[in-house]
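>>> my questions concern the predicted model and sequence given below.
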Amino acid sequence: MTYIVAENLVKLYQNGHGPVTAISDINFEIEAGEFVAIMGESGAGKSTLLSIMGAMNAPTSGSLRVDDIDIYSLGQDQRADFRREFLGFVFQSFHLIPYLTVEENVMLPLTTVKKPGRIKKAMAEKALTSVGLQGKNQRLPNQISGGEKERVAIARAIVNQPRILLADEPTGNLDSKTTREIMELLQRLNSEDMTIIMVTHSHECAGYTRRILAVNDGRLVESG
């Protein structure tokens, strides 16, 4: 089932010399449950494309539809609701708050969710168990390894049970062994029907996905 549809996406930025094209005339479709890598050199437009897919960066022209919702026809509040319901985000820098425990970091996306605290704690516990970090709820970020920090970041991204996980270079700061462990974790989450779209420059990481969207100079040059 076609789930995500990008049509003629264009994004221009302004600098002192006029408009700069970040992405140009990008079209693709992604089915529910796919694991897709977006690949390209630095500056190719990968992260811009991911931010558009994350409902955070309106394209200059073109459209993005998810589950038949035209994302950029929504108002700001509706778009925030969409992000909360549909999306989880994982980044290269873990973005963990150092003075919060692992559990408290994972619970951050639940701040605006109207549920009792015990339910939120149970959701965080479930997410941490899913990524193999049960028993480490009360540790601080400086008490866990880099790979464990990335697992916390993934647990935080999935605590709301989003339909889509967007990952921007999630293994960029990790050694090769930990990279394999994180990619196997993402592969397992995908096998549980989560749609995952990952920006990476690593062919090894892309090998864990089902399909590659290759971007060069802001254009989609390969989809397969």
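Perfect, I can see it now.
>>> report the longest helix in this structure, please.
helix 176-191 (DSSP state H).
>>> pairing partners for whatever helix or strand comes next after that helix, with directions?
Sequence-wise, the next helix or strand downstream of helix 176-191 (DSSP states H and E) is strand 195-199. When sheet partners are counted by DSSP bridges, strand 195-199 sits next to strand 35-39 (parallel), strand 164-168 (parallel).
>>> and the ones you listed: which comes nearest residue 181?
Ranking the strands paired with strand 195-199 by proximity to residue 181 (C-beta to C-beta) places strand 164-168 first, at 14.6 Å. For the C-beta atoms, the positions are set from N, CA and C on the backbone; glycine is no exception.
>>> relative to helix 176-191, how tilted is that closest one?
Inter-element angle recorded for strand 164-168 and helix 176-191: 160 degrees (by axes from the mean of the first three to the mean of the last three C-alpha atoms, to 10 degrees).
>>> would you mind listing where this protein has pLDDT under the threshold?
Within the chain, the ranges that satisfy pLDDT under 70 run 223-224.
>>> next one: the most centrally placed residue in the chain from residue 138, what distance?
With distances taken as C-alpha atoms, centre = their mean, residue 166 lies nearest the centre of the chain, 1.6 Å away. According to C-beta to C-beta, to the nearest Å, residue 166 stands 29 Å off from residue 138.
>>> residues touching residue 167, list them.
Shown in contact with residue 167 (C-beta atoms under 8 Å, 6 or more residues apart in numbering): 89-91, 186, 196-199.
>>> buried residues in the longest helix of the chain, which are they?
Within helix 176-191, the residues that count as buried by 16 or more other C-beta atoms under 10 Å are 178-179, 181-183, 185-186, 189-190.
>>> listing partners with orientation, what would you give for whatever helix or strand residue 30 lives in?
Using DSSP H and E, residue 30 sits in strand 18-31. Sheet partners assigned to strand 18-31 using DSSP bridges are listed as strand 2-15 (antiparallel).
>>> off-centre distance for the strand it pairs with?
17 Å (C-alpha atoms, centre = their mean, to the nearest Å).
>>> export that strand to CSV, keeping only CA atoms.
Output in CSV follows, covering the C-alpha atoms of strand 2-15 (Å, rounded to 0.1, in the frame of the first residue of the first chain):
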residue,chain,number,x,y,z
THR,A,2,1.4,3.4,-1.0
TYR,A,3,1.8,5.3,2.2
ILE,A,4,4.1,8.3,1.5
VAL,A,5,3.9,10.2,-1.7
ALA,A,6,6.3,13.1,-2.6
GLU,A,7,5.4,15.1,-5.8
ASN,A,8,7.6,17.6,-7.4
LEU,A,9,9.3,18.7,-4.2
VAL,A,10,11.4,21.8,-4.4
LYS,A,11,13.1,23.7,-1.6
LEU,A,12,14.9,27.0,-2.1
TYR,A,13,16.9,28.9,0.5
GLN,A,14,18.0,32.6,0.2
ASN,A,15,21.5,33.7,0.7
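>>> which parts of it are buried?
Of all the residues in strand 2-15, those buried under the rule 16+ other C-beta under 10 Å are 3-6, 9, 11.
>>> now render the buried residues of helix 176-191 as a markdown table, adding distance to residue 83.
Converted to a markdown table, the buried residues of helix 176-191 look like this (distance: C-beta to C-beta, whole Å):
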| residue | distance to residue 83 |
| --- | --- |
| 178 | 28 |
| 179 | 27 |
| 181 | 28 |
| 182 | 23 |
| 183 | 25 |
| 185 | 22 |
| 186 | 20 |
| 189 | 18 |
| 190 | 20 |
